[in-house]
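**Q** Kindly generate the corresponding structure for this input.
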Amino acid sequence: MIDKIIMDPPKYPEHWGRPPLKQTRDLVPLPAGFGKGSSTLLKWITDKMNEDSKTNHPNKIVVNRDHFFSSPEFPDCVSKNGEQAKELILMVNSQLEVEVLAEGSIVTEDYRTDRVRIFVDKDGNVTKQPQKG
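**A** Sure, this is the predicted structure:
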């Protein structure tokens with residue numbers, strides 16, 4: 001017999017309201033210790049965090065974005081469309097310079113922590129894990 005593991009959903013700030021009911025079927029890391037969820041949920045969370053930041057809401061959640069992306073890799077982007085992967089990365093950290101390049105493209109070898117290169121196949125899908133650098 002297999003036991004079910006029931007996990008409580010993350011507790012979002014009450015003033016954010018309910019998260020979106022319709023969501024995409026992907027799985028991406030979420031900021032602020034919310035675990036993993038859809039990119040729809042990621043966008044909702046980042047939008048709410050940005051609204052709170054702009055209005056200086058007393059219950060705003062402050063996240064060090066560099067900590068959230070402390071790993072240079074973005075494994076949840078593999079096999080996604082390159083432009084969608086770019087949007088996903090920029091949704092969380094708009095300060096990054098994100099380039100979508102054809103697999104095998106010639107690139108400079110300088111290392112920059114503010115740049116992410118996404119390599120795609122002929123169909124435009126990500127072939128390997130995007131990395132800062």
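**Q** Buried residues, the helix or strand where residue 41 lies. List them.
**A** Using DSSP states H and E, residue 41 sits in helix 39-55. Across helix 39-55, burial judged by 16 or more other CB atoms under 10 Å covers 39-46, 48-49, 52. Every residue, glycine included, has its C-beta placed from N, CA and C.
**Q** quick check, nearest of the residues you listed to residue 78?
**A** Compare each of those with residue 78 using CB to CB and the shortest gap goes to residue 39, at 14.2 Å.
**Q** got a list of what that closest one touches?
**A** Applying CB atoms under 8 Å, 6 or more residues apart in numbering, we find residue 39 in contact with 24, 26, 28, 84, 88, 91.
**Q** Show me which of those are buried.
**A** So, by 16+ other CB under 10 Å, the buried ones in the contacts of residue 39 are 26, 28, 84, 88, 91.
**Q** Pick the one among the residues you listed closest to residue 131.
**A** Proximity of the buried ones among the contacts of residue 39 to residue 131 (CB to CB) peaks at residue 88, which lies at 14.6 Å.
**Q** Where does pLDDT dip in this protein?
**A** 1-9, 62-75 (pLDDT under 70).
**Q** That one: helices as residue ranges?
**A** Counting by DSSP state H, one finds helices in the chain at the ranges 39-55, 65-68, 82-92.
**Q** of all the ones you listed, which lies closest to residue 113?
**A** That would be helix 65-68 among these, by CB to CB, at 8.7 Å.
**Q** Quick check: closest non-adjacent residue to residue 16.
**A** Once flanking residues are discounted, residue 16 sits nearest to residue 48: 4.5 Å by CB to CB, 6 or more residues apart in numbering.
**Q** What residues of stretch 114-131 count as buried?
**A** Buried, per 16+ other CB under 10 Å, within stretch 114-131: 115-120, 125-126, 130.
**Q** of these, closest to residue 102?
**A** Among these, and counting by CB to CB, the member closest to residue 102 is residue 120, at 6.4 Å.
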